[in-house]
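K.L.:
What would the 3D arrangement of this be:
(one chain, ligands or ions: 1)
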Amino acid sequence: MNNYVTHLECANCGEQYDASRVHGLCVKCQRPLWVRYDLERLRKKFARADLNGRPSSLWRYLELLPVNDPAKIVSLAETVTPLVSTPRLGSAFGVDHLYVKDESRLPTGSFKARGMTMAVTKANEFGIRRVAAPTAGNAGGAMAAYAARAGMEAYVFMPQDTPAINVKECWLAGAKTFRVNGLINDCGRIVGEGKNVKGWFDLSTLKEPYRIEGKKTMGLELAEQFEWELPDVILYPTGGGTGLIGMWKGFAELEQLGWLNSPRKPRMISCQSEGCAPIATAYARGERFAPKFENAATIASGVRVPVAVGDFMILDAVRASGGTAVAVPEDRIAPWMKKSISLEGLAICPETAVCLGALEMLLARGEIKPHERIVVFNTGAAQKYPEAVQEEIPLLDISKPIDWAKI
Ligand SMILES: *Cc1c(COP(=O)(O)O)cnc(C)c1O
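P.N.:
The predicted model follows:
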């Protein structure tokens with residue numbers, strides 16, 4: 001046993017739950033649960049130097065993770081993702097220190113692997129053999145892969161127009177895969193209703209406590225990569241918000257462990273497309289809860305989440321950090337995707353292009369300064385989005401002489 005978890009705690013009403021049992025949302029108020037650790041005890045037992053020599057994977061932070069039995073870990077080798085300095089892209093914005101944390105290197109090509117390795121590991125510890133989730137795309141692919149790895153049965157429900165690659169990767173991994181003629185919240189309702197009929201465990205974003213803990217490791221890695229001095233600004237493409245919420249929680253835990261060299265924390269910028277911007281809208285109105293965003297449509301499928309169960313957790317973190325939440329015009333996404341990939345060769349996904357659009361906006365407004373240390377998360381691999389490229393690529397006819405003027 002290497003577990004420092006004390007209990008689970010409702011993020012809204014504070015109700016506490018026994019972490020040795022399976023829980024979903026808070027039964028009192030239907031809001032998400034935090035995993036709480038005995039950080040006082042951990043502070044005495046776990047030091048930064050303990051990380052030396054540990055494998056370069058998110059499991060290097062084991063004491064800060066909810067695992068009881070390391071033998072039950074369900075892993076596909078979740079590498080620590082590189083923090084890549086991007087001077088050519090930085091120059092395009094006129095900023096001095098722009099970094100991309102490239103999550104596209106993770107299993108299944110997106111950072112959903114972080115949350116799913118943790119949630120499926122916990123499901124495995126609890127002896128759960130059947131899991132289900134609604135997905136905008138990548139979460140389904142990751143769940144299907146980890147469920148396959150654990151020998152579990154997986155059920156995935158996704159909007160009809162989810163990128164074809166996401167549908168096929170789920171099917172290939174053996175998940176029972178369904179397309180639904182609705183949005184992700186409609187898929188979520190199906191997963192909720194099926195719980196009693198099919199007896200599956202609901203791995204929906206924030207409807208169980210452990211995906212946040214997996215995504216938290218983005219913040220832990222970032223802190224370590226910046227040698228325990230966090231950057232000034234983080235731009236995060238926000239769907240359900242798990243990563244933003246998780247990183248903010250991670251920073252607080254590192255602070256309590258005394259691992260941060262400076263108390264300064266990054267301003268968290270929640271980035272959405274104008275095609276689906278519930279969080280940016282609620283932020284602009286000064287609200288803590290975000291009503292459903294009607295007619296959600298964006299090519300950045302990972303942020304097409306019209307209702308976020310953790311809306312107040314996202315908005316609380318954004319405000320506490322001194323950050324902001326912005327919506328970027330949909331027509332900025334494809335150009336920033338092309339521009340960033342052609343400048344740096346990194347596989348920047350449409351969701352990350354949303355963040356680049358936000359960076360452009362916030363620099364223009366003076367809310368981000370050119371000398372600041374800016375981190376953008378590349379949450380998925382561009383290769384998973386062939387639909388985002390509409391360009392007609394020239395075809396050469398080899399039966400004719402090549403017209404070199406056209407090459
Ligand atoms: C899921 C997803 C997001 C949004 O992540 P949340 O933590 O749910 O807000 C962003 N980008 C990609 C590529 C995704 O798959």
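K.L.:
going forward, measure contacts and count neighbours with C-alpha atoms only.
P.N.:
Noted.
K.L.:
Residue of the stretch 51-200 of the chain closest to the ligand, please.
P.N.:
N138 (4.5 Å; C-alpha to the nearest ligand atom).
K.L.:
which residues sit against the helix or strand that contains V376?
P.N.:
Using DSSP states H and E, V376 sits within strand 373-378. If you take C-alpha atoms under 8 Å, 6 or more residues apart in numbering as the criterion, strand 373-378 is touched by 96-104, 231-237, 347-349, 351-352, 355-356.
K.L.:
Give me the most central residue, this protein.
P.N.:
G243 (4.2 Å; C-alpha atoms, centre = their mean).
K.L.:
and the closest residue to it other than its chain neighbours, what is it in contact with?
P.N.:
Nearest non-adjacent residue to G243, counting by C-alpha to C-alpha, 6 or more residues apart in numbering: K215, 5.1 Å away. Applying C-alpha under 8 Å, 6+ apart, we find K215 in contact with F111, K112, R114, G115, T242, G243, G246, M247.
K.L.:
if I've got this straight, K215 is in a helix?
P.N.:
Yes. Counting by DSSP: H, G, I helix; E, B strand; the rest coil, K215 is part of a helix.
K.L.:
that older thread, run me through the strand neighbours of the strand holding V376, direction for each.
P.N.:
strand 97-102 (parallel), strand 233-237 (parallel) (DSSP bridges).
K.L.:
could I get those strands as CSV with distance to the ligand?
P.N.:
Converted to CSV, the strands paired with strand 373-378 look like this (distance: least, C-alpha to the nearest ligand atom, whole Å):
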stretch, distance to the ligand
strand 97-102, 11
strand 233-237, 5
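K.L.:
Which of the ones you listed sits closest to A325?
P.N.:
Distance to A325, taken as C-alpha to C-alpha, is lowest for strand 233-237 among the strands paired with strand 373-378, at 9.6 Å.
K.L.:
elements contacting the next helix or strand after that closest one?
P.N.:
Sequence order places helix 242-257 as the next helix or strand after strand 233-237, per DSSP H and E. Counting contacts by 3 or more C-alpha pairs under 8 Å, 6 or more residues apart in numbering; DSSP states H and E, helix 242-257 is packed against helix 39-45, helix 210-225, helix 311-320.
K.L.:
what bits of this protein have low per-residue confidence?
P.N.:
The chain contains residues with pLDDT under 70 at 1-2.
K.L.:
Which parts of it are helices?
P.N.:
39-45, 87-93, 112-125, 138-150, 164-172, 184-198, 210-225, 242-257, 278-284, 311-320, 333-344, 350-364 (DSSP state H).
K.L.:
quick one: the fourth one to helix 164-172, angle?
P.N.:
So the one you mean is helix 138-150. Comparing the axes of helix 138-150 and helix 164-172 via axes from the mean of the first three to the mean of the last three C-alpha atoms, to 10 degrees yields an angle of 20 degrees.
K.L.:
Thanks a lot, catch you later.
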